[in-house]
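Q: sequence below, structure please.
(4 chains, ligands or ions: 4)
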2 protein chains.
Amino acid sequence: MITQTEENYIKAIYHLGQQGMETVSTNAIADSLNTKASSVTDMLKKLAEKNYADYIKYQGVILTKKGKKIAVGIIRKHRLWEVFLVEKLNFTWDEVHEVAEDLEHIQSEKLTDELDAFLEHPTHDPHGDPIPDKNGNFKQIEKILLSKALVGSKYQCVGVKDTSSTFLKYLDANEIALGTELKVLHKEPFDQSIKIKLNGLDTTVSQNVAKNIFLKTL
Amino acid sequence: MITQTEENYIKAIYHLGQQGMETVSTNAIADSLNTKASSVTDMLKKLAEKNYADYIKYQGVILTKKGKKIAVGIIRKHRLWEVFLVEKLNFTWDEVHEVAEDLEHIQSEKLTDELDAFLEHPTHDPHGDPIPDKNGNFKQIEKILLSKALVGSKYQCVGVKDTSSTFLKYLDANEIALGTELKVLHKEPFDQSIKIKLNGLDTTVSQNVAKNIFLKTL
DNA sequence: ATAAAAATTTAGATTAATCTAAATTTAAAT
DNA sequence: ATTTAAATTTAGATTAATCTAAATTTTTAT
Ligand SMILES: [Mn+2]
Ligand SMILES: [Mn+2]
Ligand SMILES: [Mn+2]
Ligand SMILES: [Mn+2]
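A: Ligands and ions are numbered 1, 2, ... in the order given. Predicted structure coming up:
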């Protein structure tokens, strides 16, 4: 039996460790879950106790195979629900994350698999993130951040890092969506802002924005 | 802020009080939620404290207007999800209740209303129970239990009281479904079992079964 | 009207998740 | 190599939900 709270911690560890391969610090988890470090320590002991994670005092935590499997299952559900909300229930991409945060904890293998089939086995969620299949497999496509793109090259927008409503609404307002093509015109040395050609016209985005847009080379 | 547990208690009180009009006893709630009476007492104090219910020590509990509104909202979600699972995700009517028990607690007005629209505003769930609309309104159709039906009369099956998987599977095996027409042939005085004509042939059902099938007079 | 039975509440514990403040360990800086 | 700072853990409390066992109230039966 696994609680919703345990699931949220496991998912956070997975994401912070980039697929659960790296060791994750107590404070990083506390920040990402908006809790205090002492609460995290308590939970890490429990997760280790239940064999979802390997944890060494003061040294950080890393998911076990069992923990990774749980994480991928939750992420699969989260992303499938996001697709459902956008494709079937008229949600916009900035509205889905919060609701999916709860729906991802519903325990029913049949529900998940039938939802997957109903949506015709989508491979990516509304933010461009890949959806694990029933066996937990998915391929991360080659993508780079706009902040690391090369001046003069052409790219296609394939994902976002920040999925907050404010950021996604900013992208909407500036007509940046998944699939949008752009060319990097200039990178300002002073503040790292980037000028791009987008839908015919020139736009400048801040470094903060550039660090949250994933691109694929064209 | 309302917890999932509080919601489950409120729903139970609503159902036990037949739309929350009657006073409900501590033990009745404990039975229906599989908890102990002492736990119920604690929760009743809390529900009263939060103005979801009026509670008098030793005298029972009844929902306030605020409590009833919560209850109807949860029931609306529960039944909409049941329709979704059957209509869109290939669940059978005996599989939906358990999952809906969790889905009913997802808090998102947009989700509920869009789901309602996506399903084309269904009026009844897979067990024949009416689905409250956005304002909490619904009409209970005139229905009687098979156990109280008149010998010689014709009826149509419009609902079930027990929604357990075992009971619903029994009905499937005996080809009794919503919409099925039947005629009451005989009521056995000894054990209250009832002989009915169903799909052309004669069947006998126990009193226990008869007490869980709702009929509409034809 | 009493006594016995049933229902309900209280008292005292337990488990999960969280917090603040203090103690400890590790990392960084002189 | 010390000292200082940062990160992490421990100690001790708190809130929600639950339980068992004991006490109280209400109901039922004599
Ligand atoms: Mn979550
Ligand atoms: Mn997403
Ligand atoms: Mn429920
Ligand atoms: Mn139902």
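Q: ok, the closest residue to ligand 1 within chain A - how many residues close by?
A: Residue nearest to ligand 1 within chain A: residue A:101 (4.1 Å; C-beta to the ion). Every C-beta, even on glycine, is put in place using the N, C-alpha and C of the backbone. Neighbourhood size, residue A:101 [other C-beta atoms under 10 Å in any protein chain shown]: 13.
Q: assign it to helix, strand or coil.
A: Classification of residue A:101 by DSSP: H, G, I helix; E, B strand; the rest coil places it in helix.
Q: all strands of chain A, in order?
A: Ranges of strands within chain A are A:53-56, A:60-63, A:144-145, A:154-160, A:181-187, A:194-198, A:201-205, A:213-217, based on DSSP state E.
Q: which of the ones you listed is buried the deepest?
A: strand A:60-63 (a mean of 22; mean count of other C-beta atoms under 10 Å in any protein chain shown).
Q: so which elements touch that one?
A: Packing contacts for strand A:60-63, counted by 3 or more C-beta pairs under 8 Å, 6 or more residues apart in numbering or on different chains; DSSP states H and E, involve helix A:4-16, helix A:26-33, helix A:37-49, strand A:53-56.
Q: give me the residues contacting that strand.
A: Applying C-beta atoms under 8 Å, 6 or more residues apart in numbering or on different chains, the contact partners of strand A:60-63 are A:10, A:13-14, A:17, A:20-26, A:29, A:44, A:47-48, A:52-55, A:71.
Q: just to revisit the earlier point, make CSV out of the strands of chain A and add distance to DNA strand D and mean pLDDT.
A: Formatted as CSV, the strands of chain A follow (distance: least, C-beta to the nearest atom of the strand, whole Å; pLDDT from 0 to 100):
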stretch, distance to DNA strand D, mean pLDDT
strand A:53-56, 7, 98
strand A:60-63, 6, 98
strand A:144-145, 24, 95
strand A:154-160, 27, 97
strand A:181-187, 30, 96
strand A:194-198, 29, 96
strand A:201-205, 29, 94
strand A:213-217, 27, 97
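Q: residue A:51 - how many residues pack around it?
A: Each residue near residue A:51 was counted by other C-beta under 10 Å, and the total is 11.
Q: turn the strands of chain A into JSON lines, including distance to residue A:111.
A: Listed next are the strands of chain A as JSON lines, based on distance: least, C-beta to C-beta, whole Å:
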{"stretch": "strand A:53-56", "distance to residue A:111": "27"}
{"stretch": "strand A:60-63", "distance to residue A:111": "24"}
{"stretch": "strand A:144-145", "distance to residue A:111": "35"}
{"stretch": "strand A:154-160", "distance to residue A:111": "26"}
{"stretch": "strand A:181-187", "distance to residue A:111": "37"}
{"stretch": "strand A:194-198", "distance to residue A:111": "40"}
{"stretch": "strand A:201-205", "distance to residue A:111": "40"}
{"stretch": "strand A:213-217", "distance to residue A:111": "30"}
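Q: those strands: which one's closest to residue B:139?
A: Nearest to residue B:139 among the strands of chain A is strand A:154-160; the distance by C-beta to C-beta comes to 46.4 Å.
Q: strands paired with the closest one, and their directions?
A: Applying DSSP bridges to the sheet, strand A:154-160 is found paired with strand A:181-187 (antiparallel), strand A:213-217 (antiparallel).
Q: look up how far residue A:76 lies from the residue of chain A closest to ligand 1.
A: 14 Å (C-beta to C-beta, to the nearest Å).
Q: up against ligand 2, what does chain A have?
A: Contact residues, chain A versus ligand 2 (C-beta under 5 Å from the ion): A:82, A:125, A:127.
Q: most neighbours of all those, which one?
A: Highest neighbour count within the residues of chain A next to ligand 2, by other C-beta under 10 Å: residue A:82, with 27 neighbours.
Q: just to revisit the earlier point, for ChimeraX, what selects the buried ones among the contacts of strand A:60-63?
A: A single ChimeraX command suffices to select whichever of the contacts of strand A:60-63 are buried according to 16 or more other C-beta atoms under 10 Å in any protein chain shown:
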select /A:10,13,14,17,20,24,26,29,44,47,48,52,53,54,55,71
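Q: alright, calling it a day.
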